[in-house]
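K.L.:
no sequence on hand, only this structure:
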C-alpha cells in the first residue's frame, strides 16, 4: 500500500506563504484523487483542497479559495499564500485510489502549520 509523507509545515506570520509537500512511496495512478485536509485546535477535520491526478480537476474549501493551490502528481503540493491565523492547523494529505474523492483510505502523518498575527 502506498505511504504518504508530508513536509513543509512551519511557523509564519499572517500574510506569509508556505508550500506543503506530500510524497507518495510509490507511483500514484492517474485515477487517484489526492486531498489536503486540516484540523485546527478544538475543531473538526475539514477538507481544504482536492486534486484528481488524471484529469487535473481541483476543488477548494471556500475559506481557502484564491489563496491556496493544489497541484502535482506523485508528489502533491499545497501552495498557501496570504495565510491567516485561522489557517493554523495540522495539515494532512490523503489518497483515494478509487478517484471519487470520497474514500480517502491512505493518510499521512501530518505537518503543523502555525500562523501568528
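P.N.:
Here it is on my side, so go on. These numbers come from a predicted model, not from an experiment. Numbering: from 1, shown residues only.

K.L.:
residues contacting the residue nearest in space to the middle of the chain?
P.N.:
In the chain, the centroid-proximal residue (C-alpha atoms, centre = their mean) is residue 36; its distance is 2.3 Å. When the contact criterion is C-beta atoms under 8 Å, 6 or more residues apart in numbering, the partners of residue 36 are 20, 22, 47-50, 68, 70, 76, 78, 91-94. Just so you know, the C-beta spots here come from the backbone N, C-alpha and C atoms, and that holds for glycine as well.

K.L.:
same thing but 10 Å
P.N.:
With contacts defined as C-beta atoms under 10 Å, 6 or more residues apart in numbering, residue 36 is in contact with 6, 20, 22, 47-51, 60-61, 64, 68, 70, 76-78, 80, 91-94, 108.

K.L.:
buried ones in the helix or strand hosting it?
P.N.:
In this structure, residue 36 sits in strand 33-39 according to DSSP states H and E. Counting neighbours by 16 or more other C-beta atoms under 10 Å, one finds that the buried residues in strand 33-39 are 33, 34, 35, 36, 37, 38.

K.L.:
from the residues you listed, pick the one nearest residue 112.
P.N.:
Among the buried residues of strand 33-39, residue 38 lies closest to residue 112 (C-beta to C-beta), at 10.1 Å.
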